[in-house]
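K.L.:
show me how the following folds:
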Amino acid sequence: MSASVGTLGHMTTVDNLEEAEEILQQLGLKEYEARCFVGLSQLSSGTAKTISEMTGVPRTRVYDSVRLLEANGLVEVHHSSPQQFRAVSIEEATKILREQYKARVDRLQSALDELTVVEPGEKTLPQEVWALSGPGSIDVRTNKLISNADSEIVLILGDSQAVTPDLCATD
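P.N.:
Numbering: from 1, shown residues only. Coordinates of the predicted model:
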């Protein structure tokens, strides 16, 4: 997916639609669910036919996708003939998705916390070498190493930009 840039450097509506769909998929929605939600976000309400025409999602798959979105609290259904669907407000949707994401991260942390640490056969390792990238992971891991160090830490940085205030902070 490539981003089109207008003459003033602004993203087009198509770019925003694609980005929204991609982010929704990263947050756990399936492709058709993401497309249906983004399509409905542009309408006050719509039928399966309208959503299908707007998003390119086959009409039979629109029904499945909308039911899953409804189960997640992202879409409301008006049981008329034909059925009408509408997305919840953007604020409500982002709140729901944020809470779901946080719950997943909390479950991950709990699961990882419960893992048993397996030590290698040799208890005394004279040195440990760690390779990290990204300022957040470098800061966190380095500060942990510093706080747990008995005598010495040698830090080799491949980029001077890796030296951040958080990295230099000591407690």
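
K.L.:
the lengthiest helix in the chain - what's its average pLDDT?
P.N.:
Assignment by DSSP state H gives helix 90-113 as the longest helix of the chain. Helix 90-113 carries an average pLDDT of 92.

K.L.:
could you do stretch 24-35 as well?
P.N.:
Mean per-residue pLDDT for stretch 24-35: 94.

K.L.:
ok, residues contacting the longest helix of the chain?
P.N.:
Residues outside helix 90-113 that contact it (Cβ atoms under 8 Å, 6 or more residues apart in numbering) are Leu24, Leu27, Gly28, Phe37, Ser41, Asn72, Gly73, Leu74, Ala87, Val88. C-beta: built from backbone N, CA, C; applies to glycine.

K.L.:
just put those in JSON lines and tack on distance to Asn148.
P.N.:
Converted to JSON lines, the contacts of helix 90-113 look like this (distance: Cβ to Cβ, whole Å):
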{"residue": "Leu24", "distance to Asn148": "40"}
{"residue": "Leu27", "distance to Asn148": "34"}
{"residue": "Gly28", "distance to Asn148": "35"}
{"residue": "Phe37", "distance to Asn148": "45"}
{"residue": "Ser41", "distance to Asn148": "48"}
{"residue": "Asn72", "distance to Asn148": "41"}
{"residue": "Gly73", "distance to Asn148": "43"}
{"residue": "Leu74", "distance to Asn148": "44"}
{"residue": "Ala87", "distance to Asn148": "48"}
{"residue": "Val88", "distance to Asn148": "46"}
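
K.L.:
related to what we said a few turns ago, show me what counts as buried in the longest helix of the chain.
P.N.:
Residues of helix 90-113 classed as buried by neighbour count (16 or more other Cβ atoms under 10 Å): Ala93, Leu97.

K.L.:
next SSE after it?
P.N.:
helix 135-148 (DSSP states H and E).

K.L.:
so which elements touch that next one?
P.N.:
Counting contacts by 3 or more Cβ pairs under 8 Å, 6 or more residues apart in numbering; DSSP states H and E, helix 135-148 is packed against helix 165-168.
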